[in-house]
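[1] Give me the fold of what follows.
(2 chains)
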2 protein chains.
Amino acid sequence: MKKYSGYLIDLDGTVYNGTEKIPEAVQFVKQLNEESIPYLFLTNNSTKHPKDVANKLRDMGIDAKEKDVFTTSMATATYISEMSPGARVYPIGEEGLDFALKQAGLIVTDQNIDYVVMGLDRGITYEKLATGALAIRNGAKFIATNGDVALPSERGFLPGAGSLISVLSVTTGVKPIFVGKPESIIVDQAMDVLGTEKSETVMVGDNYYTDILAGIRAGIDSLLVFSGVTTPDDLSSIDEQPTYTIDTLDQWSIK
Amino acid sequence: MKKYSGYLIDLDGTVYNGTEKIPEAVQFVKQLNEESIPYLFLTNNSTKHPKDVANKLRDMGIDAKEKDVFTTSMATATYISEMSPGARVYPIGEEGLDFALKQAGLIVTDQNIDYVVMGLDRGITYEKLATGALAIRNGAKFIATNGDVALPSERGFLPGAGSLISVLSVTTGVKPIFVGKPESIIVDQAMDVLGTEKSETVMVGDNYYTDILAGIRAGIDSLLVFSGVTTPDDLSSIDEQPTYTIDTLDQWSIK
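    Reported below is the predicted structural model:
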């Protein structure tokens, strides 16, 4: 195994499953801290404030700070502000998206919209969708935090960001730019934050079609851990394999 | 020109444009009444009660009654009740859908759902979408009133039924059965109501991709009137032509 100077770590299915922590992951993060190896928690959850994500991790015994969390909303906001600093953005999403856009110095507005940005919004209304659709038809750029079509919950799989976003793409005929995993944009943004090079960074996650593909598309190594969605069986029919696969994170040596 | 015993007549673009009546259409309907030729107004508008549609027509000087209006919600309700009389149906839609389902003897409920039925719903919420998605994942059949992706309004094109419906099809992976134009189901249902045979019925409308295609798919003759969406230019690249085309309905002789 190669030694890496930077780790990008998925959360759900990798560090915890819903509200249950995965003990081997807690230990793994502890080792990264002890060895002072830089890492970021990389999540497609666009709705949460990074502080709340860090709080959840601390409740599970992980010494996480707000700065250790990089959400797809933060990646989206950074992506837009790099292209168009101070742009006028109409968000359809929750608290985490609103926070990230303002944090990046973007103007949140429903007038003279340069960008329509959409993520999961459990407070969705027809008026929000109408405003977004009209702006896109008037030439606003269309950016989406992530394409996950389903959201695991105790009730079963609920509509995910990708399914809500389809309203705007179907009605306008304009496909959005997706930022979150499996796209490379979020990985590139995260490496900028981490300050590590591609060759020395590894993407760790449980889901081949989001985490691992994001790593592959960004041109970095990937470590698939079978603690969540993807099983060894799933992998057998896949051409582009992860760089490494392990059952649990205690099988991985960081030094 | 052949003489027809039954007319199926589109509304928006054919009888009126938004709030403006089309005088030649008003005259045309008057002639049908004078000659006692059966007809139905056939609309993909799933949100309105047929009584309200008739009222709008009467305000334009057309002697229309509730029984002369056949909405895609009514076609959808009839379609379901023919397959499964008294079925348990979860509607995501507006007043017109709710009315039609109850009128057809179906049980409107959010428990033990046999059918999820979706149309345009400007009161859409995440909870409605979640309930629909969970029911479809649990085996409920998925029916859609119509697939129109955009809704003309004074503000521009707003999200139509077809774009909202995509949330459920994208998140569940299940494609709905569409009932409204350009599908043949609504035309078949309308001929049942009218009591006319295919060979003696004609579909009249302004939109090739909804009205005329519905006629073609149902195997009946069609009359395209250039008073709305489709232009003569649009037709030049189309293989399956309408049976007839005219500029305005005063060019058509019913007898």
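[2] Can I take it that A:S81 is in a helix?
    Yes - counting by DSSP: H, G, I helix; E, B strand; the rest coil, A:S81 is located in a helix.
[3] So what does the spatially closest residue to A:K255 that is not a sequence neighbour have for phi and psi?
    Excluding the flanking residues, the one nearest A:K255 by C-beta to C-beta, 6 or more residues apart in numbering or on different chains is A:E35, at 5.9 Å. Every C-beta, even on glycine, is put in place using the N, C-alpha and C of the backbone. Backbone torsions for A:E35, taken as degrees, to the nearest 10, come to phi -90, psi 0.
[4] quick one: A:E35 and A:I254 touch, right?
    Yes - A:E35 is within contact range of A:I254, at 6.1 Å (criterion: C-beta atoms under 8 Å).
[5] Which one of the two is surrounded by more residues?
    Taking other C-beta atoms under 10 Å in any protein chain shown, A:E35 and A:I254 do not tie; A:I254 has more neighbours (16 against 10).
[6] The nearest residue to that one once chain neighbours are set aside: how many residues sit nearby?
    Of all residues not flanking A:I254 in the chain, A:Q31 sits nearest, at 5.5 Å (C-beta to C-beta, 6+ apart). Neighbour count for A:Q31, taken as other C-beta under 10 Å: 15.
[7] do the same with A:K175
    Look at A:K175: counted by other C-beta under 10 Å, it has 12 neighbours.
[8] Identify the residues contacting A:I216.
    A:S222, A:E240, A:P242 (C-beta atoms under 8 Å, 6 or more residues apart in numbering or on different chains).
[9] how deep is the last one tucked in, by neighbour count?
    Okay, so that is A:P242. By other C-beta under 10 Å, the residues close to A:P242 number 24.
[10] Can you tell me how far it is from B:S73?
    Shown here: A:P242 relative to B:S73, a distance of 50 Å by C-beta to C-beta, to the nearest Å.
[11] for the second one, same thing?
    Taken as C-beta to C-beta, the spacing of A:E240 relative to B:S73 amounts to 47 Å.
[12] my read: A:A218 touches A:M203, true?
    Yes - assessed by C-beta under 8 Å, A:A218 is found in contact with A:M203 at 7.4 Å.
[13] Now for the two: what residues contact both?
    With C-beta under 8 Å, 6+ apart as the test, A:A218 and A:M203 both reach A:V187.
[14] more neighbours, the two?
    Set A:A218 next to A:M203 and count neighbours by other C-beta under 10 Å: A:M203 wins out with 28 against 23.
[15] Quick one: list the elements packing against the host helix or strand of the more buried one.
    Using DSSP states H and E, A:M203 sits within strand A:201-205. Contacts defined by 3 or more C-beta pairs under 8 Å, 6 or more residues apart in numbering or on different chains; DSSP states H and E place strand A:201-205 against strand A:6-9, helix A:185-194, helix A:213-218, strand A:221-225.
[16] residues from the stretch 101-250 of chain A in reach of chain B?
    Residues of the stretch 101-250 of chain A that fall close to chain B, judged by C-beta under 8 Å from any C-beta of the partner chain: A:121-126, A:129-130, A:133-134, A:137-138, A:149-150, A:155-160, A:162-164, A:166-168, A:170-171, A:173.
[17] follow-up on the earlier one: quick one: closest of the helices and strands packed on strand A:201-205 to A:L57.
    strand A:6-9 (10.5 Å; C-beta to C-beta).
[18] What pairs with the closest one, parallel or antiparallel?
    Strand A:6-9 has the following strand partners under DSSP bridges: strand A:39-43 (parallel), strand A:201-205 (parallel).
[19] where in chain A is pLDDT low?
    Nowhere does chain A drop to pLDDT under 70.
[20] Could you break it into its assigned domains?
    Listed by automatic domain parsing, the domain ranges of chain A are A:6-44+A:182-251, A:84-178.
[21] For B:P232, find the nearest of those.
    domain A:84-178 (24.0 Å).
[22] hmm, back to that, winner for burial among the strands paired with strand A:6-9?
    Ranked by mean neighbour count, the strands paired with strand A:6-9 are led by strand A:201-205 with a mean of 27 (mean count of other C-beta atoms under 10 Å in any protein chain shown).
[23] Could you tell me the angle between it and strand A:221-225?
    20 degrees (axes from the mean of the first three to the mean of the last three C-alpha atoms, to 10 degrees).
[24] ok, and what's touching strand A:201-205?
    Under the criterion C-beta under 8 Å, 6+ apart, residues A:4-10, A:13-14, A:42, A:181, A:187, A:191, A:194, A:211-212, A:214-215, A:218, A:220-225, A:228, A:243, A:249 lie in contact with strand A:201-205.
[25] which among these end up buried?
    Neighbour-count burial (16 or more other C-beta atoms under 10 Å in any protein chain shown) applied to those gives A:4, A:6-10, A:13-14, A:42, A:181, A:187, A:191, A:194, A:211-212, A:214-215, A:218, A:220-225, A:228, A:243, A:249.
[26] Can you name the residues that contact the residue most central in space within chain A?
    In chain A, the centroid-proximal residue (C-alpha atoms, centre = their mean) is A:N44; its distance is 2.7 Å. Contact partners of A:N44, counting by C-beta under 8 Å, 6+ apart, are A:T72, A:T145, A:N146, A:D148, A:A161, A:G180, A:K181, A:I186, A:T210.
[27] Neighbour-wise, give me the winner out of these.
    Counting neighbours by other C-beta under 10 Å, A:T145 comes out on top of those with 34 neighbours.
[28] That one reaches A:V116, doesn't it?
    No - A:T145 is beyond contact range of A:V116, at 11.8 Å (criterion: C-beta under 8 Å).
[29] so the helix or strand that contains the residue nearest to A:I254 versus strand A:39-43, what angle?
    Take DSSP H and E as the rule and A:Q31 turns out to sit in helix A:23-34. Going by the same axes, to 10 degrees, helix A:23-34 is angled at 140 degrees with respect to strand A:39-43.
[30] Of all the helices and strands packed on strand A:201-205, which one comes closest to B:A25?
    Checked against C-beta to C-beta, the stretch from the helices and strands packed on strand A:201-205 lying closest is helix A:185-194, at 52.0 Å.
[31] can you give me the helices in the stretch 1-150 of chain A?
    For the stretch 1-150 of chain A, helices defined by DSSP state H, counting those that start in this stretch occupy the ranges A:23-34, A:50-59, A:72-83, A:95-103, A:126-137.
[32] Report all helices and strands that the last one contacts.
    So the one you mean is helix A:126-137. Right, helix A:126-137 is packed against strand A:88-92, strand A:115-118, helix A:161-172, strand B:156-159, helix B:161-172 by 3+ C-beta pairs under 8 Å, 6+ apart.
[33] any chance of the strands paired with strand A:6-9 in CSV, plus distance to A:L106?
    Formatted as CSV, the strands paired with strand A:6-9 follow (distance: least, C-beta to C-beta, whole Å):
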stretch, distance to A:L106
strand A:39-43, 20
strand A:201-205, 27
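[34] Looking at these, spot the one closest to B:I80.
    strand A:39-43 (41.3 Å).
[35] chain center to that closest one, what's the gap?
    Relative to the centre of its chain, strand A:39-43 is centred 8 Å away, using C-alpha atoms, centre = their mean, to the nearest Å.
[36] which residues touch the residue nearest to A:A25 when sequence neighbours are not counted?
    Nearest non-adjacent residue to A:A25, counting by C-beta to C-beta, 6+ apart: A:V15, 4.4 Å away. By C-beta under 8 Å, 6+ apart, the contact list for A:V15 reads A:I9, A:K21, A:I22, A:A25, A:V26, A:V29, A:F41, A:L57, A:M60, A:I62.
[37] Repeat that for A:T71.
    Counting by C-beta under 8 Å, 6+ apart, A:T71 has contacts A:T43, A:N45, A:S46, A:K48, A:P50, A:V53, A:G96, A:A100.
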